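K.L.:
whatever this is, show me its structure:
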Amino acid sequence: MDESPRNLASDRAREAFHLLGDRQFMRAVREDPSGFLSSDVVREDRRRIVGAPTTRTAAELVDQLETWFGLSDTPPVFRVSEVVAVRGELCALARCRVTFGDKSTEFLNVIRNDALGQTEKSVLFDPDDVDAAIAELHRIHAESDESDPST
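P.N.:
Predicted coordinates:
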C-alpha cells in the first residue's frame, strides 16, 4: 500500500501526470484547460540544466508541454514517482519522472491548486534540490488562501 502523504494537490498531480502523455488529453486541455489548469497558471523551471522559460497562462503551458511531444517518436510518459510532502489540501511536493522513448528525466514539482483542483502554480527543481523545493512548498502554501487564519 502507498504510504505517501496525500491531499487534493497530490491526487490531482497523479491524475494529470498520468494523462499528460495522451495526445487526446492534451487536445482537450488546449480546448478547455479549466479541468486541470487555472487560466493564469504559473510554471517556473528552476532546474540547472533544463531551465525552461516561465509560463504565465494555461495556453503558454500547454504550448510548452506540446513541444515535448516532438522530442521522441513515442509519446512521453509522465509519472508521479513519490509524493514527498504536502501542506494543507492544496499544496504538494512530488518527485516526477518523464520518459521519452528510452530516455527519462526526474525532477521535483512543487504544486499549488485552487479550491476547484486547478493547478495555479508549478515550480520544477532538480531531483537533488530537495531543500529548495521544500522551502518553495512552504512559501507557496503561506501565500495561499488556505494558510490565511481568517478563512
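K.L.:
switch to C-alpha atoms for all contacts and neighbour counts from now on
P.N.:
Noted.
K.L.:
buried ones in the helix or strand harbouring residue 142, by neighbour count?
P.N.:
Taking DSSP states H and E as the definition, residue 142 sits inside helix 130-143. Neighbour-count burial for helix 130-143 flags 130, 133-134, 136-138, 140-141 (criterion: 16 or more other Cα atoms under 10 Å).
K.L.:
same question for stretch 99-108.
P.N.:
99-100, 106-108.
K.L.:
so which of the residues you listed belong to strands?
P.N.:
Cross-referencing the buried residues of stretch 99-108 against strands under DSSP state E gives 99-100, 106-108.
K.L.:
and of those, the nearest to residue 81?
P.N.:
Taking Cα to Cα as the measure, residue 81 lies nearest residue 106 of those, at 9.0 Å.
K.L.:
follow-up on the earlier one: so among the ones in strands among the buried residues of stretch 99-108, where is pLDDT lowest?
P.N.:
Among these, residue 100 carries the weakest pLDDT, at 76.
K.L.:
I'd say it and residue 77 touch.
P.N.:
Yes - counting by Cα atoms under 8 Å, residue 100 touches residue 77, with 6.7 Å between them.
K.L.:
ok, which stretches of the protein are helices?
P.N.:
Applying DSSP state H to the chain gives helices spanning 8-20, 23-31, 58-69, 130-143.
K.L.:
show the average pLDDT along the second one.
P.N.:
In other words, helix 23-31. Helix 23-31 comes out with an average pLDDT of 71.
K.L.:
from the chain's centre, how far out does stretch 112-132 sit?
P.N.:
Its chain's C-alpha centre and that of stretch 112-132 lie 6 Å apart, by Cα atoms, centre = their mean, to the nearest Å.
K.L.:
using CSV, write out every CA atom in that stretch.
P.N.:
Output of stretch 112-132 as CSV, limited to C-alpha atoms (Å, rounded to 0.1, in the frame of the first residue of the first chain):
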residue,chain,number,x,y,z
ARG,A,112,-0.4,24.6,-5.6
ASN,A,113,-4.0,24.1,-6.6
ASP,A,114,-7.0,26.3,-6.2
ALA,A,115,-10.1,25.1,-4.3
LEU,A,116,-11.5,23.7,-7.6
GLY,A,117,-8.4,21.5,-8.0
GLN,A,118,-7.0,23.5,-10.9
THR,A,119,-3.2,24.0,-10.8
GLU,A,120,-2.3,27.6,-10.1
LYS,A,121,1.4,27.2,-9.7
SER,A,122,4.0,24.6,-10.5
VAL,A,123,7.7,25.0,-9.8
LEU,A,124,10.2,22.5,-11.0
PHE,A,125,13.5,21.6,-9.3
ASP,A,126,16.4,19.3,-9.9
PRO,A,127,15.8,15.9,-8.2
ASP,A,128,18.6,16.6,-5.6
ASP,A,129,17.4,20.1,-4.7
VAL,A,130,15.0,18.9,-2.0
ASP,A,131,15.8,21.7,0.5
ALA,A,132,14.9,24.4,-2.1
